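Trainee: Sequence and computational prediction follow.
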Amino acid sequence: MPFNLPNILTWLRILAIPLFVGIFYFPPSWLSHSDQNLIAAAIFAGAAVTDWLDGYLARVLNQTSAFGAFLDPVADKLMVAAALVVLVQLERLDALVAFIIIGREITISALREWMAQIGKSKSVGVSFMGKIKTASQMVAIPLLLYHDPVGDLNPQEVGTWFIYLAAVLTLWSMAYYLKVAIPQALKHG
């Protein structure tokens, strides 16, 4: 495992997950609900920024590695899944939406692993649709975590629109990946 700045940022993202989840278990005498919302949204937003930053630094510093390429999407999926579960528990997100997003991530990860085994991993690389889906999630989740109104802005309402957009894009991108993979499945059955 290469010990470099991009990989350290990725590990920090993974290590932030228990803190992020744990914030909501602190008693109100330690942190008010508004403070819990703010801190959790800030941790998630920070993780989203480091997701972009670690990839950028790996390319700029020429520190890309197979381990980093493996660990980065794992960290992303763990953080998003943890956030979605927390949001369902807080009753800020419908469980069906969380299931769609988490289920797609598991399905596509398995699909990519299988495609790599048959030498076709490039055919299921990250698509533009997948990037838009991820961006929608990264906007929605901090808004849903923050939850508290800011003047005329209702983060819950805006976040809900973005997470529904992410769910639709999730299904669309999954259909795209499956369309690419099905012919391979028929060949390598």
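Mentor: Sure, I can see it.
Trainee: Can you check what pLDDT the model gives the residue nearest in space to the middle of the chain?
Mentor: In the chain, the centroid-proximal residue (C-alpha atoms, centre = their mean) is residue 80; its distance is 3.6 Å. According to the prediction, residue 80 has pLDDT 95.
Trainee: you'd agree it is up against residue 144?
Mentor: No - if you go by C-beta atoms under 8 Å, residue 80 and residue 144 don't touch, sitting 11.9 Å apart. For every residue, glycine as well, the C-beta is placed using N, CA and C.
Trainee: Could you find the closest non-adjacent residue to the residue nearest to the centre of the chain?
Mentor: residue 137 (6.1 Å; C-beta to C-beta, 6 or more residues apart in numbering).
Trainee: is it true that residue 178 lies in a strand?
Mentor: No - read with DSSP: H, G, I helix; E, B strand; the rest coil, residue 178 is helix and lies in no strand.
Trainee: residues touching it, list them.
Mentor: By C-beta atoms under 8 Å, 6 or more residues apart in numbering, the residues touching residue 178 are residue 111.
Trainee: what does the host helix or strand of residue 86 contact?
Mentor: Element membership of residue 86 [criterion: DSSP states H and E] is helix 66-89. Helix 66-89 is contacted from outside by 1-2, 4, 6-7, 10-11, 13-14, 16-17, 20-21, 24, 40, 44, 47, 51, 54-55, 58, 93-95, 97-98, 101-102, 105, 109, 134, 137, 141, 144-145, using C-beta under 8 Å, 6+ apart.
Trainee: Narrow those to those in strands?
Mentor: Of the positions in these, not one sits in strands, assigned by DSSP state E.
Trainee: Let me see the ranges of the helices in the chain.
Mentor: Here the chain has its helices, by DSSP state H, at 5-22, 33-60, 66-89, 95-117, 128-146, 155-188.
Trainee: ok, and which of those helices has the densest surroundings?
Mentor: With neighbours defined as mean count of other C-beta atoms under 10 Å, the helices of the chain peak in mean count at helix 128-146, which reaches a mean of 21.
Trainee: Residue 13 touches residue 47, doesn't it?
Mentor: Yes - under the criterion of C-beta under 8 Å, residue 13 makes contact with residue 47 at 4.8 Å.
Trainee: Low-confidence bits of this structure, can you list those?
Mentor: 1, 120-127, 189 (pLDDT under 70).
Trainee: Quick check on residue 29: phi, psi?
Mentor: Backbone torsions for residue 29, taken as degrees, to the nearest 10, come to phi -70, psi -20.
Trainee: Please report how far residue 184 lies from residue 109.
Mentor: Using C-beta to C-beta, to the nearest Å, we find residue 184 at a distance of 16 Å from residue 109.
Trainee: cool, and residue 141?
Mentor: 19 Å.
Trainee: same check, this time on residue 48
Mentor: 19 Å.
Trainee: what's the answer for residue 57, then?
Mentor: 24 Å.
Trainee: For this structure, list the residue farthest from the centre, please.
Mentor: The chain, farthest from centre, C-alpha atoms, centre = their mean: residue 187 at 31.9 Å.
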